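Enquirer: got a predicted structure here, sequence first:
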Amino acid sequence: MKKAIIFGANGQDGHYLNGLLAEKGFDVIGISRSGNWLHCDIGDYENVSSVVKTYKPDIVFHLAANSTTRHDAIFENHATISTGTFNLLEAVYKHSPATKVFLSGSGLQFRNTGMPISESDPFEATSPYSVSRIQSVYAARYYRSLGVKAYFGYFFNHESPMRPERHMSKKIANFAVAVSHGSQEKLTIGDISVKKEWTFAGDIVDAIYTLVMQDEVFEATIGSGFAYSIEQWLEVCFGLVNKDWHDYVLQQPGFKAEYDILYSNPATIHALGWTPKVSFDALARMMVLS
């Protein structure tokens, strides 16, 4: 039986990827710092090397990260993303050279001019998070020159019912449900004009699988290519419960968003045969009504 390892199995991407790989006939070894998974510190080379030597998987996926751009997460980002990437690539290079490696990147590591971003656009280090992601790309390219099949998928914002409450998408969806049940509380949020992608995480993992099945394409931006504002998300979520969001949502004065718009040019992954199936409205229904 084919084997796959998922570092970061407890997150939304790991959840949907685990299900997809099981459907494809893989024996999946999930690894996470939390949840009912195998525990392994991806920042520790001996840990990672031992796992790779033990299982010699067909594919290993590095999805582990704290997706925050805050400066105070600098060492966590470095250990998990940068060091974790080197650990995984070196372990595969030394102990399981036939293993394919998928590494997750981010639209936040690119220079954002407000136009759709593709994998060939220039990087820009605007946060410790982006620095770690950029370093990981060059690590992948180096090990690829040594013969490791290292794939890089640049993720843009994607959502699912698996999102924790701290994410705005889930916070708004849950708040709309609470309002429908009679809550009179108010929700204060920042700039609702910010636009980003709202792709379903289950579709994103389909794109990951599409990419790692290739033998010539190794990097691609993975996203829908469509941007929607937070205000549009408010409208569709509250519309599903027949409420007017204006009656319950307050905007934080003086809030400065990280960007005005962030979205992808997914031409490469589309050319490989992938397109998302779940629409913006369908995703909202999934998160509000499920």
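Expert: In hand now; what should we look at? Here the structure is a predicted model, which is why all the values come from computation and not from measurement.
Enquirer: the helices in the stretch 151-290 of the chain, which residues?
Expert: Read by DSSP state H, counting those that start in this stretch, the stretch 151-290 of the chain holds these helices, from start to end of the chain: 168-180, 201-212, 230-240, 267-271, 280-289.
Enquirer: do you know how far the residue lying closest to residue 146 once chain neighbours are set aside is from residue 109?
Expert: Distances taken as CB to CB, 6 or more residues apart in numbering place residue 93 nearest to residue 146, at 6.0 Å, with adjacent residues excluded. Where C-beta positions appear, they are placed from N, C-alpha and C, glycine not excepted. Between residue 93 and residue 109 the distance is 24 Å, computed by CB to CB, to the nearest Å.
Enquirer: what's the answer for residue 273, then?
Expert: Counting by CB to CB, the gap from residue 273 to residue 109 is 25 Å.
Enquirer: what about residue 199, how many neighbours?
Expert: Residue 199: 28 surrounding residues under other CB atoms under 10 Å.
Enquirer: just list the residues touching it, thanks.
Expert: 156, 157, 158, 159, 223, 224, 276, 278, 283 (CB atoms under 8 Å, 6 or more residues apart in numbering).
Enquirer: save these as TSV, and put in distance to residue 123, neighbour count and pLDDT too.
Expert: Shown next, in TSV, are the contacts of residue 199 (distance: CB to CB, whole Å; neighbours: other CB atoms under 10 Å; pLDDT from 0 to 100):
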residue	distance to residue 123	neighbour count	pLDDT
156	15	24	97
157	18	23	96
158	21	27	96
159	25	26	96
223	17	30	97
224	22	24	97
276	25	24	97
278	29	19	98
283	29	26	98
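Enquirer: more neighbours: residue 273 and residue 109, which one.
Expert: residue 109 (24 against 10).
Enquirer: thought that one was touching residue 119?
Expert: No: the criterion here is CB atoms under 8 Å, and residue 109 misses it with residue 119 at 10.8 Å.
Enquirer: name the helix or strand for residue 104, please.
Expert: strand 100-106 (DSSP states H and E).
Enquirer: leaving out the residues flanking it, which one is nearest to residue 45?
Expert: That would be residue 87: by CB to CB, 6+ apart, it lies 4.5 Å from residue 45.
Enquirer: next, the one you found: secondary structure please.
Expert: helix (DSSP: H, G, I helix; E, B strand; the rest coil).
Enquirer: mind giving me the domain ranges of the protein?
Expert: The chain resolves into domains spanning 2-155, 159-196+226-262+278-289 when parsed by automatic domain parsing.
Enquirer: looking at those, which one is packed in the most?
Expert: Among the domains of the chain, domain 2-155 has the highest mean neighbour count (mean count of other CB atoms under 10 Å), at a mean of 19.
Enquirer: what's the average pLDDT for that domain?
Expert: Taken as a whole, domain 2-155 has a mean pLDDT of 93.
Enquirer: which residues touch the residue positioned nearest the centre of the chain?
Expert: Centroid-nearest residue in the chain, with CA atoms, centre = their mean: residue 155, separated by 5.2 Å. Each residue near residue 155 by CB under 8 Å, 6+ apart is listed here: 104, 105, 106, 107, 204, 222, 223.
Enquirer: now do 7 Å
Expert: Applying CB atoms under 7 Å, 6 or more residues apart in numbering to residue 155 gives the contacts 104, 105, 106, 107, 204, 222.
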